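With the input below, show me the fold.
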Amino acid sequence: MRCAFSREIIKLMDEMPPGITLLEMDYCYLSMMLRRNQGNKTWCAREVGIALRTMQKKAKEMEYHGYHVEPFNKKVTRGKTRNENI
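Model (predicted):
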């Protein structure tokens, strides 16, 4: 069975440093897919082909291990102080 996103997976694998664990690779892949699906775990689970509950457990593990996922389209802005708004 061929993955729909084989190019992205190959690119991701090329960027992986040598000696990376399978768990770290799994987290990187799921992070990429969560970003692609704007952080929506339901969509991500469907696209990856896993159960929603499994995706929720993986996301919780990822947060515990320090992986922070931000959607691609989410703007990151610095907060302004009160004086900067005047």
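
which helix is the longest one in this protein?
Within the chain, and with DSSP state H defining each element, the longest helix by residue count is helix 22-36.

Show me what it packs onto, helices and strands only.
Applying 3 or more C-beta pairs under 8 Å, 6 or more residues apart in numbering; DSSP states H and E, we find helix 22-36 packed against helix 6-15, helix 41-48, helix 52-64. (Each C-beta comes from the backbone N, C-alpha and C, glycine too.)

model confidence over stretch 7-21, on average?
For stretch 7-21, mean pLDDT is 75.

Same check on stretch 42-56?
The model assigns stretch 42-56 a mean pLDDT of 93.

which of the residues in stretch 30-39 are buried?
L30, S31, M32, M33, L34, R35, R36, N37, G39 (16 or more other C-beta atoms under 10 Å).

same deal with stretch 41-58?
Within stretch 41-58, the residues that count as buried by 16+ other C-beta under 10 Å are K41, W43, C44, A45, E47, V48, M55, K58.

N40: neighbour count?
As a burial measure, the neighbour count of N40 was computed by other C-beta atoms under 10 Å and equals 14.
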